[in-house]
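> let's see this in three dimensions:
(chains A and B)
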Amino acid sequence: GAVVSQHPSWVICKSGTSVKIECRSLDFQATTMFWYRQFPKQSLMLMATSNEGSKATYEQGVEKDKFLINHASLTLSTLTVTSAHPEDSSFYICSAPGQGSANEQFFGPGTRLTVL
Amino acid sequence: LAKTTQPISMDSYEGQEVNITCSHNNIATNDYITWYQQFPSQGPRFIIQGYKTKVTNEVASLFIPADRKSSTLSLPRVSLSDTAVYYCLVGGLSSGSARQLTFGSGTQLTVLP
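Modelled structure (predicted):
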């Protein structure tokens, strides 16, 4: 099946710094990718839809200036958490839709962000 | 977007069959039903997808009644490694909306020895 990777798998940073998370589709092209955030013991929450060659679409309540998304190629989307604060500490997961079925998504392994 | 309702948690023993039911009363005509499995600190993994009746693959079966207002994920002979959170999603990318990717609360399945 299709593989989606994320880098880094975990990151610890100081408050006020920016962190970039990469999401790659390894064996297929993805014009659309999705970014989620998951807090402990909670479900995944869709943050934004990343569109290759155009601006990302953000869900209500997600600050687009804080969570910068760039989808520069058909296999790479990046999420940059700018001026990170402890409340941004979470598990960030990306996904890309499959080529065939209507609802299958291929998820990355996730990135654990801890802001001190 | 069709909202889904699942039990928060379920316990089972090794070797038993586990059935997790999801309610989706306002499912749309072009919506598919998809189930995902998630282990701690990992991304969700696709289990099975269906539109109506019954679908079976190497890991699970999905039962969908004629009115499609609910669905049941059946895991045969579970093992300890099946302990995970199981999510039911309803929707279809063909609708052109990303909102089909809304995850419900999921069901925490715990398999006991």
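> from the chain's centre, how far out does the worst-scoring helix or strand of chain A on mean pLDDT sit?
One helix or strand of chain A scores below all others by mean pLDDT, DSSP states H and E: strand A:105-107, with a mean of 89. When distances are taken as CA atoms, centre = their mean, to the nearest Å, strand A:105-107 is centred 12 Å away from the chain's centroid.
> kindly report the same for stretch B:12-21.
On CA atoms, centre = their mean, the centre of stretch B:12-21 falls 13 Å from that of its chain.
> could you do stretch B:39-49 as well?
With CA atoms, centre = their mean, you get 10 Å for stretch B:39-49.
> now that stretch: average pLDDT?
The pLDDT scores in stretch B:39-49 average 94.
> so that stretch, near chain A or not?
Yes. Among the residues of stretch B:39-49, B:41-46, B:49 lie within reach of chain A under CB under 8 Å from any CB of the partner chain. Using the backbone N, CA and C atoms, a C-beta is placed for each residue, glycine as well.
> around chain B, pick out the residues from chain A.
A:1, A:4, A:6, A:32, A:34, A:36, A:43-46, A:49, A:57, A:91, A:93, A:95, A:97, A:101-110, A:112.
> of these, buried ones?
Neighbour-count burial (16 or more other CB atoms under 10 Å in any protein chain shown) is assigned, among these, to A:4, A:6, A:32, A:34, A:36, A:44-46, A:49, A:91, A:93, A:95, A:97, A:102-108, A:110.
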